[in-house]
Each structure stands twice: as C-alpha cells, then as structure tokens.
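Engineer: Here is my input; please provide its structure:
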Amino acid sequence: MGWWNERVVPRMTHATLDNPIVAGYRRQVCVDLAGDVLELGFGTGLNLPHLPSAVRSLTAVEPSDLSWQIAEEAIAASPVPVTRGDLRAEAISLADASVDAVLVTFSLCTVQDPGQALSEARRVLRPGGTVHFLEHGRAPGERVRRWQHRLEPMERAVAGGCHLTRSAPELLEAAGFRLGAVDSWYVPGPAVTRPWGYVSLGRAERPKV
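Structural biologist: Below you'll find the predicted structure:
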C-alpha cells in the first residue's frame, strides 16, 4: 500500500469524516439495520455509535491495520460484537445468504473493483436483505462534474485511490440490486467543496427471486 496510504490516509480520512454533520448522515443510514450486518470499508468505526440495538453482530471488511487500531476504543465501547473479516471487499469469505444487511459508507469510492465488491455483497446477503449506503460521488451539475474529472487524478493519488466520479446508485443497480428511496444533496459548505461534497444516501434490496 505504501507509507502514505498506510500511515497518512487513514488518519486523514478519520479527521475529515469525524464531524457532527456526517455523524447525522450516519445516523440516518443506520436506521432499521438489524441482525447480522456486514460492513464494507469499516474504517475507524465511526458508524458504531449509530447502530440500532437490533443489530446482533457486525463483520468488518477493512484493509487498513492503522484504521483498525484507531477503531479499538470504539469497538470496545460498542454493545454490538465486532469481528474483523476480510481485507478486500472483492473477496469475502462468508457463506452465501449469510448476512441480513450490508452497510457501506464512503467506501465505494476507493474500492479497486466496486462491481466485484457489490457482487460479493449480493452473494452473501440473504434474499430480501438490504444494502444501506452513504457515498459521495458524481454530481448532477455539469460544471461540478467537469471539476470532478479534473481533480480525480490528484484525489486518487493523495486519498488512497478515492474516485470523485462514481455513482453509488448506478453501481448498485448494475450489480443486480433493486434501488429503494435515495436522497442526494450537497454537503453544506462553500462552492469550492462541491466536487467532494455530493452525497447519496439510500437503500437497495437484493431481490428475492
């Protein structure tokens, strides 16, 4: 992964995403999670305080050892048992239809192969189960999109491979999920932050047939 990605990016990501505004979004995306949950891109455990009491267990896919170390305090404080699973979302060792829900927040932007990762998520999710997602990505406005394309090479270099132009809803549909309600908006802030600040929050279901 390299020194920068191993030692700097986890701290930078934690500092960027650990704030009251994003915490409010995390509360929304975690509503109604229940049973055995798989989280793709666990990071530093910032979703843990928002898990409902109906969650029985959480299996965390997380490649960064430093992120896992930073998360230790949150894991210890969580009433939900947390187990570190696989390191890559593209290769999940869980059995077919073995989890009740999948949670993914600010991670599809950096997964090397999001299509394969979501294919694996669909495989391990029970029929009728849901993916709860909160992701930033491609903006609707042409002007912002142009800036996203210009900035993306730099973003990928300094932010662990983060893409600015992926669309989480489109990726989920392409992976065979049925989209439910999806809300999208710009995170409050100056216009200069808009290439990074267009987010989508919603759910997608694995069809029962």
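Engineer: Spit out the contact partners of residue 51.
Structural biologist: Counting by CB atoms under 8 Å, 6 or more residues apart in numbering, residue 51 makes contact with 30, 33, 37, 58, 78, 80. Where you see a C-beta, it was placed from the backbone N, CA and C, and this is true even at glycine.
Engineer: Specify which member of those is nearest to residue 127.
Structural biologist: Taking CB to CB as the measure, residue 127 lies nearest residue 37 of these, at 16.4 Å.
Engineer: Provide a list of residues in contact with that closest one.
Structural biologist: Residue 37 sits next to 51, 55, 57, 58, 59, 99, 100, 101, 102, 103 when contact means CB under 8 Å, 6+ apart.
Engineer: Apply 10 Å and report the result again.
Structural biologist: Residues near residue 37 by CB atoms under 10 Å, 6 or more residues apart in numbering: 30, 47, 51-52, 54-60, 80, 82, 99-103, 129, 132.
Engineer: do the same with residue 4
Structural biologist: For residue 4, the contact set (CB under 10 Å, 6+ apart) comprises 12, 157, 158, 159, 160.
Engineer: One more: residue 136?
Structural biologist: 105-106, 108-109, 162-164, 166, 168, 186-187, 195-200.
Engineer: And for residue 29?
Structural biologist: Residues in contact with residue 29, defined by CB under 10 Å, 6+ apart, are 47, 50, 103, 104, 105, 132, 133, 134, 135, 201, 202, 203.
Engineer: Could you do residue 183 as well?
Structural biologist: Taking CB under 10 Å, 6+ apart, we find residue 183 in contact with 25, 28, 134, 199, 200, 201, 202.
Engineer: Distance to residue 2, pLDDT and secondary structure added to those residues, as JSON lines?
Structural biologist: Converted to JSON lines, the contacts of residue 183 look like this (distance: CB to CB, whole Å; pLDDT from 0 to 100; DSSP: H, G, I helix; E, B strand; the rest coil):
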{"residue": "25", "distance to residue 2": "30", "pLDDT": "98", "secondary structure": "helix"}
{"residue": "28", "distance to residue 2": "34", "pLDDT": "98", "secondary structure": "helix"}
{"residue": "134", "distance to residue 2": "27", "pLDDT": "98", "secondary structure": "strand"}
{"residue": "199", "distance to residue 2": "28", "pLDDT": "98", "secondary structure": "strand"}
{"residue": "200", "distance to residue 2": "30", "pLDDT": "98", "secondary structure": "strand"}
{"residue": "201", "distance to residue 2": "31", "pLDDT": "98", "secondary structure": "strand"}
{"residue": "202", "distance to residue 2": "33", "pLDDT": "98", "secondary structure": "strand"}
